[in-house]
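Novice: Fold the stuff below for me.
(chains A and B)
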Protein chains: 2
Amino acid sequence: MAKLVKNAAGRMVPVAINENAATPYAGVGKYVPTGRKVGTLIRSAADYPSDGDKRTETIKQALINAGLKDGMTISTHHHLRNGDYVANAVFAAAAELGVKDLRWFPSASFPCHAGMIEHMENGVIHHIEGSMNGPLGDYCTAGKMRGMAVLRSHGGRYQAVQDGEVHIDIAVIAAPTADPFGNATGDRGPTACGLLGFALADSEYADHVIAVTDNLVPFPCVPWQIQGNNVDQVVVMDSIGDASKIISGTTQITKSPDRLLIAELTARFCDEAGIVQNGFSFQAGAGGTALSFALFLRDMMRERKIKARFVRGGSTQYLVDMLEEGLTDYILDGQTFDLEGVRSMRENSGHVNTSPFTSYNWHGKGNFASMLDAVVLGATEVDVNFNANVVTHSDGRLLHGIGGWQNCLASKCTILPIPSFRDRIPVVVDSVTTLCGPGELVDVIVTERGIAINPLRRDLLERLQGSSLPIRPIGEIKAEVEDICGGAAAKPDLSDEVVAAIKWVDGTVIDCVRQIR
Amino acid sequence: MAKLVKNAAGRMVPVAINENAATPYAGVGKYVPTGRKVGTLIRSAADYPSDGDKRTETIKQALINAGLKDGMTISTHHHLRNGDYVANAVFAAAAELGVKDLRWFPSASFPCHAGMIEHMENGVIHHIEGSMNGPLGDYCTAGKMRGMAVLRSHGGRYQAVQDGEVHIDIAVIAAPTADPFGNATGDRGPTACGLLGFALADSEYADHVIAVTDNLVPFPCVPWQIQGNNVDQVVVMDSIGDASKIISGTTQITKSPDRLLIAELTARFCDEAGIVQNGFSFQAGAGGTALSFALFLRDMMRERKIKARFVRGGSTQYLVDMLEEGLTDYILDGQTFDLEGVRSMRENSGHVNTSPFTSYNWHGKGNFASMLDAVVLGATEVDVNFNANVVTHSDGRLLHGIGGWQNCLASKCTILPIPSFRDRIPVVVDSVTTLCGPGELVDVIVTERGIAINPLRRDLLERLQGSSLPIRPIGEIKAEVEDICGGAAAKPDLSDEVVAAIKWVDGTVIDCVRQIR
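Specialist: So this is what the prediction gives:
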């Protein structure tokens, strides 16, 4: 059983993760990093083809060339989302080569990767570090994975690689378009997905980098979202993914009256809080409520002729419309959620690529996230101190990744528009199942039963005094919801076994996930 | 007196440079680097303003904040060329602060930096490492600089910083446009210069980075050629440079009949060598002969409806015309030499920024330079074995930087179009005053008296057999020129004192420059 220690948030967390010492969470901004970023091996152009042609016939041969062996770490990326073929092809090749005990380090995994369970069962993969959406998360909380999973935010993943906490032996980058030198872009080609930003750290810091494409173009591939100067080999395969499954499944505005109400309340709150003014900025996800919020905001901006300086993606047609209508100078995009986003990225000079380095890396000289005037995020649970959970459900199942969620909490006003209950289980709770975000960074919770402002934000409370908005103490909302649902959420039945560690943005351990009994 | 050793090119070179051990040149592609690139200090966003505003009032205060002290290395960049105000302002501030023995590490220096001589006289600057165009080079070869100068190519400068050979304490980046977070671009603003690529390594690897601008825009500054995530402070000053002196002085086509002949012969050679065909690539500098060559080539391409895949800048209106006329898919630009280049960079998606990392860094996973079908370069001297000099004149004076010259030698066909003599001094010599480029990488020399093909390029000799072009052995051209000039160039009167080391692209020492007696 893992040795645990109580961290600054009062959570019991493991002192070691897969035999490497781990640092307990010390509080927001409290952990002071020391040392130096990873310096990668110095290469010589003499060891690479002078004509720039780095092609290798197959993924299997590329893995052999890369020196794949037992226990190595292989990274992949989730730009192709639930349509990805590449990660599966990589581990199929590794299995064929008889390699064991690999660490898979995806930026995220999806149901299409369920086949990795077999690779874990037969020993090819030792464990997964990265978001596990769906079946792999279930597998993890069932206690079946040999190693401990590690969940990181997008920024935390960049930080972990940059700081040498995770050493990537071989990075495999699915590239919708690439040239033989390894320059690659996601914004065009039959399997276009928009950005390749989640592979940036891997391309910079991995020992060996393989780009895999189904759309090879003559040098130069422009733009080069991934720089060929960081790439060792290029593999061409027939298809890197199922284009129809690349776009996110969640990019529809909500039709639920409750969620529409929440979205509208959120927009009105932003307005009354003085956030919506010329030159402001906001970020909203691609979930139904967040999209509806963006539309309410858009109408407000149109009506009052207000223009944002920038909005942050995940981009969707809704943000693209705002850009093309002149309601914002820029979309600073972290990932493209639909094909309109991909098109806009190609066509609009105001639709700008960002990366976890620019936007989210806590161990940098600042990042974009803290400059946002408002950010609108989801949550699976929130407690009365505004602490929030985004990875597990109240039954203990690990079903979601962290994404950029933790990183976005750094904004000037972080708002969680959430239903007060789901499936008759209260979302507002006494204590979250898994702590992902410290309450001091969550400023406002908007439910269909009212808006709760974090008491730490006296400025917001004062500003909203006398508002017609239903502003209420969070405890009051919680009590009302428990009345409706017939009591608080049942405690999940968890064992003491730690199956996953949740990292904070600075690489410390903020909480862990237990095996479900 | 410096201890010397004979390197693989037969040149005597110092075994140490300013008390640091130096590696003698071992031959093209022979030096095998070991070790790791620099890992910079891990930072925390907690130490930077969360609103992203990194502004400091003055350069002097910024240097104090950066912890400037005796013996440190300060880097600046030559994007503003002979119109730069920033480097002078930095060392004026350092002088005011009473700091001594600094190493100035510019990407290049120009006559506008002549005031640095005073800083060297009074001890503020110990020595300069970087190209010295004009008076500072003269000062160096007069033996007046306390330390040994080091000249590197653009790629070699990136390599030296990346590999930790040069540790930059404080990088100061003149930024024609920037935001308070430090994102910066050179392609717009009253002092627009195009690219900021020469500052890339510095922004990535320096301990402390200061962006200095005269055109502050609200976040985000797009494009961010320099990423604010690498910047510590932003200083706004009234003017960072004299816009009229930013453009290169050499971007006029030649009117000399001899040089026009050389340019035409060069273009015809490329044609007969089979280089000029659909999808080809070339690079030519901004000198008068190189520009004329590009025009001859353009006419050839127009006539035969040939389209290049890419041409490499330094960009000028001539390359921009080719791009906009559809004669090339891309300009891959390393620096913009005139305002049309700057405009095109802003407006044409086919006009793409490159950097010494992408184009020239020998210690990378390949680079762009070796993919060029043909490159056309200048030289001050060439010997009968095709070894070439680009930094000193035959009188021993160090008057030019290396620029991308050494890096470009990696191309598939390197052509030096040069007059056979200048001011009645032969350019074709028995032995170059300073060896900058090994003869095995120089394929062709084009003079007004004939074209000499390197005997190592049997393929070219065969291909050109029976050509109507005046192809001659280089010795024959040399003899003819000596007849005209009344003998070989006089040997310069040099002391044994080494005043500057010339690095090869891999960081080894290929030659050195002696003090003039």
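Novice: which residues are contacting the lowest-mean-pLDDT helix or strand in chain A?
Specialist: Sorted by mean pLDDT, DSSP states H and E, the helices and strands of chain A end with strand A:131-132, the least confident at a mean of 89. The contact list for strand A:131-132 (CB atoms under 8 Å, 6 or more residues apart in numbering or on different chains) reads A:78, A:106-109, A:139-140, A:149, A:151, A:398, A:400-403. For glycine as for every other residue, the C-beta is placed from the backbone atoms N, C-alpha and C.
Novice: Next, check those against the strands and list the overlap.
Specialist: A:Pro106, A:Ala108, A:Ser109, A:Ala149, A:Leu151 (DSSP state E).
Novice: Go ahead and confirm the last one touches A:Gly403.
Specialist: No. The pair A:Leu151 / A:Gly403 is not scored as a contact, 10.1 Å apart, by CB atoms under 8 Å.
Novice: and the two? which has more neighbours close in?
Specialist: The neighbour comparison of A:Leu151 against A:Gly403 (other CB atoms under 10 Å in any protein chain shown) goes to A:Leu151, with 32 against 24.
Novice: Sketch out the low-pLDDT regions of chain A for me.
Specialist: For chain A, applying pLDDT under 70 flags the ranges A:1, A:248-251.
Novice: is any part of the lengthiest strand in it close to chain B?
Specialist: Longest strand of chain A, by residue count under DSSP E: strand A:494-503. No. Judged by CB under 8 Å from any CB of the partner chain, strand A:494-503 stays clear of chain B, getting no closer than 15.1 Å.
Novice: partner strands of the helix or strand where A:Val375 lies, parallel or antiparallel?
Specialist: Applying DSSP states H and E as the criterion places A:Val375 in strand A:374-376. Strands that pair with strand A:374-376, judged by DSSP bridges, come out as strand A:281-284 (parallel), strand A:414-417 (parallel).
Novice: Past it, which element shows up next along the chain?
Specialist: For strand A:374-376, the following helix or strand on the C-terminal side (DSSP H and E) is strand A:381-383.
Novice: Each with direction, which strands does that next one pair with?
Specialist: Strand pairing for strand A:381-383, determined by DSSP bridges: strand A:388-389 (antiparallel), strand A:428-429 (parallel).
Novice: got the contact list for that strand?
Specialist: Here strand A:381-383 has contacts from A:388-389, A:394, A:416, A:418, A:427-433, A:439, A:442, A:445, A:474, A:489, using CB under 8 Å, 6+ apart.
Novice: what's the offset of that strand from the middle of its chain?
Specialist: Strand A:381-383 sits 19 Å away from the centroid of its parent chain (CA atoms, centre = their mean, to the nearest Å).
Novice: Which residue, neighbours along the chain excluded, lies closest to the residue in the stretch 201-350 of chain A positioned nearest to chain B?
Specialist: Residue of the stretch 201-350 of chain A nearest chain B, by CB to the nearest CB: A:Asn229 (4.7 Å). Closest residue to A:Asn229 apart from its sequence neighbours, by CB to CB, 6 or more residues apart in numbering or on different chains: B:Gly364 at 4.7 Å.
Novice: Spit out the contact partners of that neighbour.
Specialist: Counting by CB under 8 Å, 6+ apart, B:Gly364 has contacts A:Arg43, A:Ala45, A:Asn229, A:Asn230, B:Phe357.
Novice: residue ranges of the strands in the stretch 51-200 of chain A, please?
Specialist: A:55-56, A:73-76, A:102-106, A:108-109, A:125-128, A:131-132, A:149-151, A:170-175, A:177-178, A:184-185 (DSSP state E, counting those that start in this stretch).
Novice: Tell me the first helix or strand C-terminal of the host helix or strand of A:Leu323.
Specialist: Using DSSP H and E, A:Leu323 falls within helix A:317-325. With elements assigned by DSSP H and E, the helix or strand that comes after helix A:317-325 is strand A:328-333.
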